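S.K.: Make a model of this:
(one chain, ligands or ions: 1)
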Amino acid sequence: MIPLQKFSVGDVVRVKKKHPCGSDRWEILRVGMDFRIKCLGCGRIVMMPRVKFERIAREIQSSAVPDPYKS
Ligand SMILES: [Zn+2]
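M.R.: Residues are numbered from 1 along each chain as shown. Presented below is the predicted three-dimensional model:
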């Protein structure tokens, strides 16, 4: 489980459950009580309660915040 504060708009997050299209990566479009996320496989946008998203999230693959240790 990843703490809420780690998520920010623009992050690409890998989740435990694959979308029916076969992709397990989602881009965060909005954070709050409900997250709006977009499937990177098929482009579908869904709303999901924050607690549910926290439960299925495995890792943040690319963060919107620039990483000072890269580049
Ligand atoms: Zn999909």
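S.K.: Which strand or helix spans the residue sitting nearest the centre point of the chain?
M.R.: Residue closest to the average C-alpha location in the chain (Cα atoms, centre = their mean): Val13, at 3.5 Å. According to DSSP states H and E, Val13 maps onto strand 12-15.
S.K.: follow-up on the earlier one: which residues does the residue nearest to the centre of the chain form a beta bridge with?
M.R.: In this entry, Val13 is beta-bridged to Trp26, Ile60, by DSSP bridges.
S.K.: Tell me the spacing between it and Val51.
M.R.: Here Val13 is placed at a distance of 15 Å from Val51 (Cβ to Cβ, to the nearest Å). Any C-beta I mention is one placed from the backbone N, CA and C, and that applies to glycine too.
S.K.: so who does Leu29 touch?
M.R.: Residues in contact with Leu29, defined by Cβ atoms under 8 Å, 6 or more residues apart in numbering, are Val9, Arg36, Ile37, Lys38, Ile45.
S.K.: re earlier: who's in contact with the strand holding Val13?
M.R.: The contact list for strand 12-15, computed with Cβ under 8 Å, 6+ apart, reads 2, 7, 24-28, 37, 40, 53, 56-62.
S.K.: Can you go through the residues you listed and name the buried ones?
M.R.: Among the contacts of strand 12-15, those that count as buried by neighbour count (16 or more other Cβ atoms under 10 Å) are Phe7, Asp24, Arg25, Trp26, Glu27, Ile28, Ile37, Leu40, Phe53, Ala57, Ile60.
S.K.: doesn't Phe7 make contact with the last one?
M.R.: Yes. Using Cβ atoms under 8 Å as the test, Ile60 is close enough to Phe7 to be in contact (7.4 Å).
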